[in-house]
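A.B. asks: from the sequence below, what's the structure:
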Amino acid sequence: MKKNNELSQVETNQKEKVKKVRFPFLKTEKFKQTIRPEAFRIFIVVIATLIYGVGLSWFIEVSAVRLYAGGIPGVAQLIVDFFRVTHLIPDVEAATGTIMFITIIVLNIPIILLGWFGVSKRFTIYSIISVILQATIIGYIKVPIFEGVDAMVLAVFGGALVGVGVGISMKFGTSTGGFDIISQYLSLRRGRSVGQISTIFNFVLMLVGAIMLGYFEGKAVGNYGEGANFAGEVFLYSTVRLFATMILTDRIHTSYNYTEFNIITDYAEEISQGIVKELNRGATIFDARGGYAFNEKSMVYLIVMNFERAKLLRVVKEHDPDAFIVMKPVSSIHGNFLKRTVA
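C.D. replies: Next comes the predicted model:
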């Protein structure tokens, strides 16, 4: 019996050794530090783009009242509508998917170049993946299960899904391309909200689309007053969609916002050195004094971008697990502060 137990233990040990030898690459630092994070981001890009594409293609596009999606897809919608009202293409409905696909790809090329040189190369590579997937979904994968649903419901839910897709992408250092890249570029340099910057672009786009549709509608029925009412309806419903997107984008995407840290500790110099080494940021050290035992303390003060918070907390815990940490959001900063990208 003892011999059988020993043989069984030997077999178990051998199996464990085989498992360890079979996937040794998964234990390497290269996999943990480089490949796994990149694979995770690709996964995030795919999921976020699917959410974005479903919101636009399944909700916004099937509305009885024209809803403009904003961004490059919104421009593509505008081009399709132009061909539809001017009859320059005889069967525009059959060509809608192809027009949307080509427009999204072509118009993203110069914007992607801006992202490559002005934001981050890695950010742009992921954006390219998203643009190709997004153009395919919007152009050719349409499931009209929500046709006939009230336009207001479609505007809210479609806009929310688009905002979730955009927000998730940007939170993890990627984007859905188009105006998101321009917004990211301006946000990094001017410290403005990404959602608010996108809103300005999209507001103009919706206004142009509403005026164009209203004009041709009024011309078709011989009553420009009725055309104006139609334009107002398109604009108002699209505005609901726009604000739903903006709110969700800003709620989820907070990576480029700022956080103030006040760290009460006995190891201020060690923490400050760790911050310089790991985050390449400076910090200010103040003398402090405990209000209970009146012991001498120090306070380390600094501001970081939101995506740097986890790394900063890790540095603090390494040097002083008992440090008292206060974090609070910062609306804006001025002066010598280096703004970085996630990637």
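
A.B. asks: give me the pLDDT value at residue 140.
C.D. replies: Reading off the confidence values, residue 140 has pLDDT 88.

A.B. asks: i'd like the first residue to be 51 from this point on
C.D. replies: That works, and once the first residue is 51, the last one we named lands at residue 190.

A.B. asks: could you pull out the strands for the stretch 201-350 of the chain?
C.D. replies: Under the criterion DSSP state E, counting those that start in this stretch, strands of the stretch 201-350 of the chain are mapped to 308-315, 334-339, 346-355.

A.B. asks: elements contacting the second one?
C.D. replies: Pointing back at strand 334-339 there. helix 318-329, strand 346-355 (3 or more Cβ pairs under 8 Å, 6 or more residues apart in numbering; DSSP states H and E). For glycine as for every other residue, the C-beta is placed from the backbone atoms N, C-alpha and C.

A.B. asks: out of those, which is closest to residue 282?
C.D. replies: With Cβ to Cβ, the closest approach to residue 282 among these belongs to strand 346-355: 41.0 Å.

A.B. asks: tell me the mean pLDDT for the closest one?
C.D. replies: Rounded mean pLDDT across strand 346-355 is 92.

A.B. asks: again, but for stretch 224-242
C.D. replies: On average, stretch 224-242 scores 69.

A.B. asks: same check, this time on stretch 168-177
C.D. replies: 78.

A.B. asks: picking that back up, using TSV, lay out the helices and strands packed on strand 334-339 together with mean neighbour count.
C.D. replies: Formatted as TSV, the helices and strands packed on strand 334-339 follow (neighbours: other Cβ atoms under 10 Å):
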stretch	mean neighbour count
helix 318-329	17
strand 346-355	18
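
A.B. asks: for the stretch 151-300 of the chain, what spans make up the helices?
C.D. replies: Here the stretch 151-300 of the chain has its helices, by DSSP state H, counting those that start in this stretch, at 171-190, 201-221, 229-240, 244-271, 274-302.

A.B. asks: measure residue 236 to residue 251 for me?
C.D. replies: 10 Å (Cβ to Cβ, to the nearest Å).

A.B. asks: what of residue 356?
C.D. replies: 24 Å.

A.B. asks: and if you look at residue 134?
C.D. replies: 23 Å.

A.B. asks: those two: which is more packed in?
C.D. replies: residue 251 (19 against 15; other Cβ atoms under 10 Å).

A.B. asks: the more buried one contacts residue 229, doesn't it?
C.D. replies: Yes. Between residue 251 and residue 229 there is a contact under Cβ atoms under 8 Å: 4.8 Å.
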